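**Q** below is the sequence, then the predicted model.
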Amino acid sequence: MKEIQIKLPDNTIKHVEQGSTGGDLARSIGEGLFRASIAAKVDGNLVDLESPIDIENANVELITNKSPEAHEVLLHSSAHLLAQAIKELYPHAKIAIGPALADRYYYDIDVDISINDKELEKIEGKMKELAKQNIQVERVELSRNEALEKFKKMGEDYKVEIISDIAVEETISAYTQGDFIDLCRGPHVPSTGKIKYFKLLSSAGAYWRGDESNKMLQRIYGTAWFTKEDLNQFLINLEEAKKRDHRKLGKELEIYAFDDEVGPGLPLWLPNGTVIIEELENLAKETELKAGYSRVRTPHLTKGDLYEKSGHLDHYEDSMYPSMDVDGTSYYVKPMNCPHHHKIFAAVPKSYRDMPVRLAEYGTCYRYEKSGQLFGLMRVRSMQMNDAHIYCTEDQFKDEFLKVCNMYLYYFDIFGIEKYQMRLSLHDKENLGKKYVDHPELWIKTEQLVREALVEGNIPFEEIPGEAAFYGPKIDVQVWSAIGREFTLATNQVDFAVPKRFDLVYNDENNKEQTPLCIHRAPLGTHERFIGFLIEHFGGDFPLWLAPRQVIILPISDKYLGYAENLKSSMLENNIRVSIDARSEKMGAKIRDAELNKIPIMLIAGEKEQNDNSVSLRRRHEGDLGARRVDDLIPEIIEEIKTRRRS
RNA sequence: GCCGACGUAGCUCAGGGGUAGAGCGUUUCCUUGGUAAGGAAGAGGUCGUGGGUUCAAUUCCCAUCGUUGGCUCCA
């Protein structure tokens, strides 16, 4: 048999028989390595441990259970195990797809019984049984026809559909374990015994191929790990995430509430939440004022004609609240502020000397989001947007666009948002005239302008075709909350279409009328989503300037209530949000409650403090900081608030 | 909107065809204290809503509303 030469990651050269496998290689190095090996990587391609290696001078790497790639293989194999269990329990079930995700996997199945928690338990039990049997997982390669015939015969219609979509030049492979076979590219763990620590997490509905018009399948989510500790850690993290969930904290910290009689997706802002809102608005107003924005205000209610003109009725009527008839004219609650701002632009004639015009408003909008997509504060039906529209000349565009992007970065720094991604959403040609306004050359031109602006501004971004707004390309800013939830926080859109529809013009240097470009921007998104995000981002521990309750005075006993009142007034005079815990409780209890309420500063006042006009300072997360003179402490607190320190 | 789960006191949750339960919170009283829970007593619920089955429904069935895990969508 011919020998070939392969290279290991540490650059050592090894001679092996042609056709020997990653498994053979592992065994030749050591039994322990073999046991830990899950798959192999040959010239960068992940393959099964038992795949023969035929390439001379190949770079071969063994993927052990320590590597993230191995985890993906494990998850994928677990999905197969899940499918196998399902086929054993419900032989008539049809299986669709079952990929690995970041730390979990799912399998979509078509079965006439509904998968509830009880069924999940049953399925998990079956999986354990199959794992214990340590069934060999083997790869088979099939011709297109063989594959089609095989899966057709089994009644696996979804697989047949997938096979038909596989490119002709591609090899079709499947994996078997016992009687079970699944179409799959692989690689997989060598046997089911490798899948030891796993758990099914939930079931959900999912449309076949993610298309609403297709049949809804049942999706089962699960997770799997190489060690018991990893599995437990994963489950603990899930629990921890629940504790940081803005819906839980929002209730506990009395930030917002929903009420059945008010309506779904219509949040009520409690006093604590309103404090946060107003602090955010102050920040935005301050920032926008410095950046040359003018503030405007617009009504919540508007005639349908306006939205016909803007094109919004055309594109979004389904997600607008239905019209109401007022004296025979149809009115809508406004789903966005742009048309009004356009009208404000048009209300006073503009010259090139006025440009750019930047109109800002924390505008209230209402959108009829489908009931199933409401989600705490993150997805609501009434919202206030950190909105503004910038009308500029083409020459000013890049600069204005960049200034907006930099404003994002300025805010991110204040809030300590480190993980974010700018996504440049572009049009796609097929949807011109449908999803998108039909001005091909304008699309290309503005997209290029935006791209250049970003590159010149040194702002990293990703391009995503087919995600633009109907009137122009946009930048979506994705953020991840502390519990891993991803969403679009802010958006920055170019509009080359609607200003024309509104006949917006300015007179240029030659006294000729020109149509301005419009930038829609909302760096802080909506109050609802942004505060939902901030709650999770800070875990309810807001920096002092945002904390609804900044300071609490804890008198040792009611003998010192008078002193506490004096303290309180001198703080109130300085706009510090302060309260007194006047209950006849012991210090331990008062501190505990203040901690649970996540109040950043606790001031303990007893006899000593009363005598020398001081307080004993305790800060959340820092504990007892000892005695402080009131005259020194108050200016420090004011400074911390004023500079919006993150603590 | 679709598929699944859930809805009992202000909160977290237990219960179950026949006066409705706990812990925390709240109120009152006692206690007057030094860095994460002092003590006692009391108040508080048409068991989400509407129908049906039953001698009897908070419990079983149906519908509806709301929340929720996902899917789809997001100007």
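**A** Sure thing, it's come through. Numbering: from 1, shown residues only, chains lettered A, B, ... in the order given.
**Q** contacts, neighbours, all on C-alpha from now
**A** Will do.
**Q** tell me who's in contact with A:Lys242.
**A** Under the criterion of CA atoms under 8 Å, 6 or more residues apart in numbering, the contact list for A:Lys242 reads A:Lys248.
**Q** just to be sure, it is in a strand?
**A** No - counting by DSSP: H, G, I helix; E, B strand; the rest coil, A:Lys242 is not found in a strand; it is helix.
**Q** so for it, what's the pLDDT?
**A** The model reports A:Lys242 with a pLDDT of 89.
**Q** how close does it get to A:Asn116?
**A** 22 Å (CA to CA, to the nearest Å).
**Q** which non-adjacent residue is nearest whatever residue of the stretch 51-200 of chain A ends up closest to RNA strand B?
**A** Proximity of the stretch 51-200 of chain A to RNA strand B (CA to the nearest atom of the strand) peaks at A:Asn116, 4.3 Å away. Spatially, and ignoring its direct neighbours in sequence, A:Asn116 is nearest to A:Ser203 (7.0 Å; CA to CA, 6 or more residues apart in numbering).
**Q** touching, that neighbour and A:Leu217? I think so.
**A** No - the pair A:Ser203 / A:Leu217 is not scored as a contact, 10.4 Å apart, by CA atoms under 8 Å.
**Q** before we move on, back to that, neighbours of the residue of the stretch 51-200 of chain A closest to RNA strand B, just the number please.
**A** 12 (other CA atoms under 10 Å).
**Q** what does the stretch 501-647 of chain A put close to RNA strand B?
**A** A:556-559, A:583-589, A:591-593, A:595-596, A:604-609, A:615-618, A:620-621, A:623-624, A:626-627 (CA under 7 Å from any atom of the strand).
**Q** can I get the buried part of those as one ChimeraX selection?
**A** A single ChimeraX command selects the buried members of those (16 or more other CA atoms under 10 Å):
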select /A:556,557,591,595,604,605,606,607,609,615,616,617,618,620,627
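**Q** tell me the helix or strand right after the helix or strand harbouring A:Gln84.
**A** A:Gln84 is part of helix A:68-89 when elements are defined by DSSP states H and E. Counting by DSSP H and E, the element after helix A:68-89 in chain order, helix or strand, is strand A:94-95.
**Q** tell me the domain boundaries of chain A?
**A** A:3-64, A:69-235, A:256-299+A:349-538, A:551-642 (automatic domain parsing).
**Q** so how far is the shortest one off the chain centroid?
**A** Which is domain A:3-64. Taking CA atoms, centre = their mean, to the nearest Å, the mean C-alpha location of domain A:3-64 is offset from the chain mean by 39 Å.
**Q** cool, and stretch A:94-102?
**A** With CA atoms, centre = their mean as the basis, the mean position of stretch A:94-102 lies at 22 Å from the chain mean.
**Q** average model confidence for that stretch?
**A** Stretch A:94-102 comes out at a mean pLDDT of 91.
**Q** and the end-to-end length of it?
**A** Start and end residues of stretch A:94-102 are separated by 25 Å (CA to CA).
**Q** so A:Trp225 versus RNA strand B, what's the distance?
**A** A:Trp225 sits 19 Å away from RNA strand B, going by CA to the nearest atom of the strand, to the nearest Å.
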